[in-house]
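Enquirer: from the sequence below, what's the structure:
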Amino acid sequence: MSTYTARLAALRDQLKRDRLDGFVVPLTDEHMSEYVGAYAQRLAWLTGFQGSAGSAAVLPEEAAIFTDGRYTLQVREQVDGANWAYVDVPATSVASWLGDHAPQGGRIGYDPWLHTRAWVEDATKALAERGATLVPVDTNPVDAVWPDRPAPSDARLSVQDDDRAGQSSAEKRAAIADWLGERKADAVVLSALDSIAWTLNVRGGDVAHTPVALAYVVVDADGTAELFVAPEKMSDEVAQHLGNAVKVRDRSEFAGALTGYAGKRVAVDPERAVAAIFDALDGGGATILALRDPTVLAKAMKNPAEISGHKAASARDGAALARFLKWVEAEAPKGGLTELSCVAKLQEFREATGVLKDTSFDTISATGAHGASPHYHSTPESNVPLEPGQLYLVDSGGQYADGTTDVTRVLPIGEPSDEMRDRFTRVLKGHIALATAVFPEGTNGGQLDSFARRPLWEAGLDFAHGTGHGVGAYLAVHEGPQRIAKPNYPGGGPSEPLRAGMIISNEPGYYKAGEYGIRIENLILVVAREIAGGDQKMLAFETLTFAPIERSLIVPGLLTQAERRWLDAYHAQVLDVLGPQLDTGERAWLLEKCAPIGG
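Expert: Just a heads-up that it's a prediction; the model follows:
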């Protein structure tokens, strides 16, 4: 019996002891985080799935794992189809699957600290049609059968200086107090970890790749706040930074504190707060205002200090990436490079900056067929060498105190095929179309998504992931509320109007199963654009990421004159930004990579 088969059997045995006929295992934590600490990696422990989004449902005789189009290939490689049915979302939701598969009259368990209230309502309704019920558990049954489950991180909080933040915590809390006053509310619960870090101008080390701390915050209408965090995470420096207006309490006191708001009007974000928070407030007699976390939009619209910091981080990161691309180009023909050795070398170049805090996500280092899985993660078991005839895709980023980066480039190993060059050029055309878009205020990412897809659509091609995600300021590499994606893309967001100051990725791609993957990703900043003679307030994008785009993969004849001008101008900027950071040999290589494309 395999390890994962044994774990599934152990969970089913535990469910019998708990008098449950099923259980749902999401990939999140008590804060609805995308990336979670090791202690919350229940889905990976149970199934072997290493992606960053998914859920599982376990019933007595069957089990299913739910993933979206980004993981169609990966989930089949990592999760045993003999034990798990593969279910695609959003075509089928966990709730609807339970409604079709749960035992008649069954009791299906869920952890109220890991689901939203909306999910609970949907699942309850779906199960009712089978006479089954959804049952909250006090102890997660996965935890009960996970003998070596890691403890939550005890990393200490650190201060994010006001000069980098561009605004003090007191100013941010005053703005939240104004927001509460406008809504005649007494308090707001902040449970999203990046919202807490941004509001208090603190950072943490509890989640890989995202500098946040496990905590909760309640901000009152007078601008004071309570921070619920493990005591060992505090330091004198952080306490002094927070000041007397922020009371610090043990994280374990949070649930109990929520019962003390009888008769008060408390705002809670239904997308970012778990059902248990709503249950505790309801139980204590509070009036709940289901409203979006007031920091979400403010955090997304970067101020001048955050924009300046990001540009510095991006320039530094771009030089490290350029050195890596030069190294791959020189070493790959000799043989011996593997996906994982490339991950290590890129890390080495970033660490050489002397200021790298972390990577912003697990580096996607994918050669050949692995590149066709958009969120592939190389492991010792899957690691393969870079070989002639392949495309090598590297999607990576760094966390620096002044900014968070995310960039994707593709290199040919040996001679690329004509098809590879055609597809790469179409992806580039879509990238340029989005980079050069001009649009009126009020436009959302769903309306812009087709700009990046049209060159692929014209050849009967497409890609199955979003085109752009928001990025934080030394915070989460995936940050809402803005997004560029098809309107029905899972996770929401494309309907959010884009606003000046938002940072978002521009990353169209193309993936041929079993053969190769292509993605070209830069980060872009939404900026105001004045148009002479126009009568509308317009917005546009400023590119923030600088690294050469591989010229040998481009078919110049497929580019319009305007597209060639954009590419040449972009590469001129790459030279200006990166050149001064490089030595003589590196600059000579970059000069060649950034030469005008020609016709």
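Enquirer: C-alpha from now on. contacts and neighbour counts both.
Expert: Will do.
Enquirer: what is the longest helix of this structure by residue count?
Expert: Counting residues, the longest helix found in the chain (DSSP state H) is helix 304-331.
Enquirer: between the helix or strand immediately after that one in the chain and helix 304-331, how many degrees?
Expert: Using DSSP states H and E, the helix or strand that follows helix 304-331 in sequence is helix 339-351. Using axes from the mean of the first three to the mean of the last three CA atoms, to 10 degrees, the inter-axis angle of helix 339-351 relative to helix 304-331 is 130 degrees.
Enquirer: how about the strands of the stretch 351-500 of the chain, start to end?
Expert: Ranges of strands within the stretch 351-500 of the chain are 358-359, 364-367, 390-396, 398-400, 403-404, 407-413, 438-440, 468-470, 479-484, based on DSSP state E, counting those that start in this stretch.
Enquirer: still on that earlier bit, pull out the buried positions in the longest helix of the chain.
Expert: For helix 304-331, burial by neighbour count (16 or more other CA atoms under 10 Å) applies to 305-325, 328.
Enquirer: what of stretch 516-532?
Expert: So for stretch 516-532, counting by 16+ other CA under 10 Å, buried means 516-528.
Enquirer: any chance of the residues you listed in a markdown table, with secondary structure, distance to residue 337 and pLDDT too?
Expert: As requested, the buried residues of stretch 516-532 are exported to a markdown table (DSSP: H, G, I helix; E, B strand; the rest coil; distance: CA to CA, whole Å; pLDDT from 0 to 100):
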| residue | secondary structure | distance to residue 337 | pLDDT |
| --- | --- | --- | --- |
| 516 | strand | 17 | 98 |
| 517 | strand | 18 | 98 |
| 518 | strand | 20 | 98 |
| 519 | strand | 21 | 98 |
| 520 | coil | 22 | 98 |
| 521 | strand | 23 | 98 |
| 522 | strand | 25 | 99 |
| 523 | strand | 28 | 98 |
| 524 | strand | 32 | 98 |
| 525 | strand | 35 | 98 |
| 526 | strand | 38 | 98 |
| 527 | strand | 41 | 98 |
| 528 | strand | 44 | 98 |
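Enquirer: and which of the residues you listed is nearest residue 144?
Expert: Nearest to residue 144 among the buried residues of stretch 516-532: residue 517, at 40.2 Å, using CA to CA.
Enquirer: residue contacts, that closest one?
Expert: Residue 517 makes contact with 368-374, 391, 393, 509-511, according to CA atoms under 8 Å, 6 or more residues apart in numbering.
Enquirer: mind listing the helices in the stretch 101-250 of the chain by residue range?
Expert: For the stretch 101-250 of the chain, the helices defined by DSSP state H, counting those that start in this stretch occupy 117-128, 141-145, 162-165, 169-182, 193-200, 236-242.
Enquirer: residue 296: which of those is closest?
Expert: Closest among the helices of the stretch 101-250 of the chain, using CA to CA: helix 193-200, at 6.9 Å.
Enquirer: does anything pack onto that closest one? Which helices or strands?
Expert: Counting contacts by 3 or more CA pairs under 8 Å, 6 or more residues apart in numbering; DSSP states H and E, helix 193-200 packs against helix 169-182, strand 215-220, helix 295-300.
Enquirer: rewinding a little: which of the contacts of residue 517 are buried?
Expert: 368-374, 391, 393, 509-511.
Enquirer: residue 210: which of these is nearest?
Expert: The nearest member of the buried ones among the contacts of residue 517 to residue 210, counting by CA to CA, is residue 374 at 20.5 Å.
Enquirer: any idea how far the nearest residue to the closest one once chain neighbours are set aside is from residue 465?
Expert: Among residues not flanking residue 374 along the chain, residue 70 sits closest, at 5.7 Å (CA to CA, 6 or more residues apart in numbering). Separation of residue 70 from residue 465 (CA to CA, to the nearest Å): 6 Å.
Enquirer: spit out the residues that contact these two alike.
Expert: residue 374.
Enquirer: quick check: mean pLDDT across stretch 293-301?
Expert: Computed over stretch 293-301, the mean pLDDT rounds to 98.
Enquirer: can I get that stretch in PDB? Just the C-alpha atoms.
Expert: C-alpha atoms of stretch 293-301 as PDB (Å, rounded to 0.1, in the frame of the first residue of the first chain):
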ATOM      1  CA  ASP A 293     -12.100  44.400   3.700                       C
ATOM      2  CA  PRO A 294     -11.400  48.200   3.500                       C
ATOM      3  CA  THR A 295      -7.700  47.700   3.000                       C
ATOM      4  CA  VAL A 296      -8.000  45.600  -0.200                       C
ATOM      5  CA  LEU A 297      -8.300  48.500  -2.600                       C
ATOM      6  CA  ALA A 298      -6.000  50.900  -0.700                       C
ATOM      7  CA  LYS A 299      -3.400  48.100  -0.600                       C
ATOM      8  CA  ALA A 300      -3.700  47.500  -4.400                       C
ATOM      9  CA  MET A 301      -3.300  51.100  -5.400                       C
END
